[in-house]
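Visitor: Need a 3D model of the sequence below.
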Amino acid sequence: MTEQHAAAPAPPADWWRSAVVYQVYPRSFADSDGDGIGDLRGIIRRLDHLAALGVDVLWLSPVYRSPQDDNGYDISDYEDVDPLFGSLADLDGLIAGLHARGMRLVMDLVVNHTSDEHPWFVESRSSTESPKRDWYWWRPARPGREPGTPGAEPTPWASFFSGPAWEYDEASGEYFLHLFSRKQPDLNWENPQVRQAVYAMMRRWVERGVDGFRMDVINLISKRVGADGSLPDGAVRADGLSDGTPFCMNGPRVHEFLAEMHREVLAGRGLITVGETPGAGVADAVLYTDPARAEVNMVFTFEHVDLDTAPGGTKWDLAPLRLSDLKANLTHWQEGLAAAGWNSLYWNNHDQPRIVSRWGDDGAHRVASAKSLGTVLHLLRGTPYVYQGEELGMTNAHFTDLAQYEDIESLNWARDALGQGRPVDEVLRSLAVKSRDNARTPVQWDASPNAGFTTGTPWLTVNPNHTEINAEAAVADPGSVFHHYRRLIALRHTHDVVVHGDYRLLLPADEQVFAYVRTLGDARLLVAANLSGSTVTVDLGADGALLAGEVLVGTHAGPVRDGAALTLAPWESFALLS
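Guide: Below is the predicted model:
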């Protein structure tokens, strides 16, 4: 990778605070060559859509060379583009096209693990004496156990993708750690050679014109290693496996590693950085994102997207969402990062189901509920993320057959769940709500066959509702979700109170209305949304005076008020500036 390009003009150091990021999952965005898989040229052809929406940054999910075991998050070459998506020249064209439109590019950085086909791992696996052996987590079998037999794994840790987190390598007689797929061995960040190799790779991408990094599961890179090199077992469950997350999430050296990365790669370059940090709480996030600590600009938290999981269960164990719980959690994060640090704001991404189906109403109130969910998120303090198709109000896939699913996590879980005796209809119900494939159906560009995504056979079934829900129709309709999102994004660019204002929650116990006030100097922004399918009247008390403010954005004709009493139609929302 030798080609270099000038970066976009230097922005203010904290430009990302007023930015809005749009995530592209390239496999499902736009296909230019008819092979049924999205590619870089397809993205380039759709850049004017993003420019019309008004976003500032495109976050590109992985396009690196990969065997595609986990749809590109298993990388075999960090410095080349997989032919499935195009070439380095195509990526250069994307960078140039974005910069010409005043937008920037964030690349996905996946460095907790590589593919087992990466040359680093191939070399590491070649011999116990390999110079790269210690680039990964290799361990012998548990003492007293026959290597390669059940229960002989060095620890009983469970993989996030089901089964043990250790894979036996018969040739060398040892096991390697993989927190995800067995084709995704974990890198050993304790080894300084690994870190320097990663930093050198990052610097080359920045020199090529990349404007920042989204760091995949970055808080897993530091494991809790004993003085003798051992890893803890953890409490063993009924299935013989244990939860290893206490020993690999937010580990003892993670802040040291990120501070080193900042010094080596990021400092003084005006880049945007966001860390994906499962299991991180507010106190952790303050440490990761406090500018004085110089680690990353912001992190993705998972707490709010776990609120519809049954207590003590996995993501597949469904529970209804209580709005008061959601408000309490988002408020906790707003307040917790108010003095130092920064929030990432998101409902959707490539790992999360479509929000309008999950917590909205993807039937009669699809448009209004998509708008209102967007309103309450975008007007919080933090950097909003829009996932491809979210601006169209795209819905879950509503698959009804296991054969329709492609996602490795979903298929592994379904296999295990069925093997444990769970009824098929229960498994399909959980998949229909939570499978990652819900976010990965192709973007719906128009009402033509395959939604204008491809002229071939799409790799994942296009949602049949594309004849109604598509970009062409949304752009032509001034009342669409697309134009509502465009207005929300413009507010962040034009009103300082949206970016920098303080936050105060109203009506914390109300199970239908999400309302809050943002304040900056004399400016006060009242945001109110009825996140239910029933008309509701609430009393705002002393804050009722804010109802006289100017309507900046809304779903209906305007607030219906009687003094401090506010009546909201089903899924109605608005923002008023005083």
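Visitor: could you dump stretch 334-344 to PDB, C-alpha only?
Guide: These are the backbone C-alpha positions of stretch 334-344, laid out as PDB (Å, rounded to 0.1, in the frame of the first residue of the first chain):
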ATOM      1  CA  GLN A 334     -25.700  12.100  29.200                       C
ATOM      2  CA  GLU A 335     -25.000  13.100  32.700                       C
ATOM      3  CA  GLY A 336     -22.000  10.800  33.200                       C
ATOM      4  CA  LEU A 337     -20.100  12.200  30.300                       C
ATOM      5  CA  ALA A 338     -21.200  15.900  30.700                       C
ATOM      6  CA  ALA A 339     -18.000  17.100  32.500                       C
ATOM      7  CA  ALA A 340     -15.500  15.000  30.600                       C
ATOM      8  CA  GLY A 341     -15.800  12.700  27.600                       C
ATOM      9  CA  TRP A 342     -18.300  12.300  24.800                       C
ATOM     10  CA  ASN A 343     -21.300  10.200  23.800                       C
ATOM     11  CA  SER A 344     -21.900   8.200  20.600                       C
END
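Visitor: List the contacts of that stretch.
Guide: Applying CB atoms under 8 Å, 6 or more residues apart in numbering, the external contacts of stretch 334-344 come out as 17, 274, 282-283, 285-286, 288-292, 297-301, 333, 380-383, 385, 502-503, 505. Bear in mind the C-beta positions are built from the backbone N, C-alpha and C, glycine included.
Visitor: PyMOL command for the buried members of the residues you listed?
Guide: Here is the PyMOL command that selects the buried residues among the contacts of stretch 334-344 (16 or more other CB atoms under 10 Å):
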select buried, resi 17+274+282+285+286+288+289+297+298+299+300+301+333+380+381+382+383+385+503+505
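Visitor: Restricted to helices, list the contacts of stretch 334-344.
Guide: Among the contacts of stretch 334-344, the members falling in helices are 282-283, 285-286, 288-289, 333 (criterion: DSSP state H).
Visitor: So of those residues, which two are at opposite extremes in space?
Guide: Greatest spatial distance in the ones in helices among the contacts of stretch 334-344: Tyr288 and Trp333, 12.8 Å, computed using CB to CB.
Visitor: returning to what we had before: redo the ones in helices among the contacts of stretch 334-344 as CSV? Include distance to Leu241.
Guide: Shown next, in CSV, are the ones in helices among the contacts of stretch 334-344 (distance: CB to CB, whole Å):
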residue, distance to Leu241
Val282, 29
Ala283, 28
Ala285, 29
Val286, 32
Tyr288, 29
Thr289, 33
Trp333, 31
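Visitor: Let's have those residues in TSV, adding distance to Arg253 and pLDDT.
Guide: Converted to TSV, the ones in helices among the contacts of stretch 334-344 look like this (distance: CB to CB, whole Å; pLDDT from 0 to 100):
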residue	distance to Arg253	pLDDT
Val282	21	97
Ala283	18	97
Ala285	18	97
Val286	18	97
Tyr288	14	98
Thr289	18	98
Trp333	25	98
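Visitor: Give the buried residues for the longest helix along the chain.
Guide: Scanning the chain for the helix with the most residues, using DSSP H, yields helix 192-208. For helix 192-208, burial by neighbour count (16+ other CB under 10 Å) applies to 194-195, 197-199, 202, 204-206, 208.
Visitor: The following helix or strand past that helix packs against which elements?
Guide: Per DSSP states H and E, the first helix or strand lying C-terminal to helix 192-208 is strand 212-215. Judged by 3 or more CB pairs under 8 Å, 6 or more residues apart in numbering; DSSP states H and E, the packing partners of strand 212-215 are strand 104-109, strand 272-276.
Visitor: Give me the residues contacting the very next helix or strand once past strand 212-215.
Guide: Going down the chain from strand 212-215, the next helix or strand is helix 254-261, by DSSP H and E. Helix 254-261 is contacted by residues 189, 195, 198-199, 202, 218-219, 221-222, 275, 287-288, 293-296 when judged by CB under 8 Å, 6+ apart.
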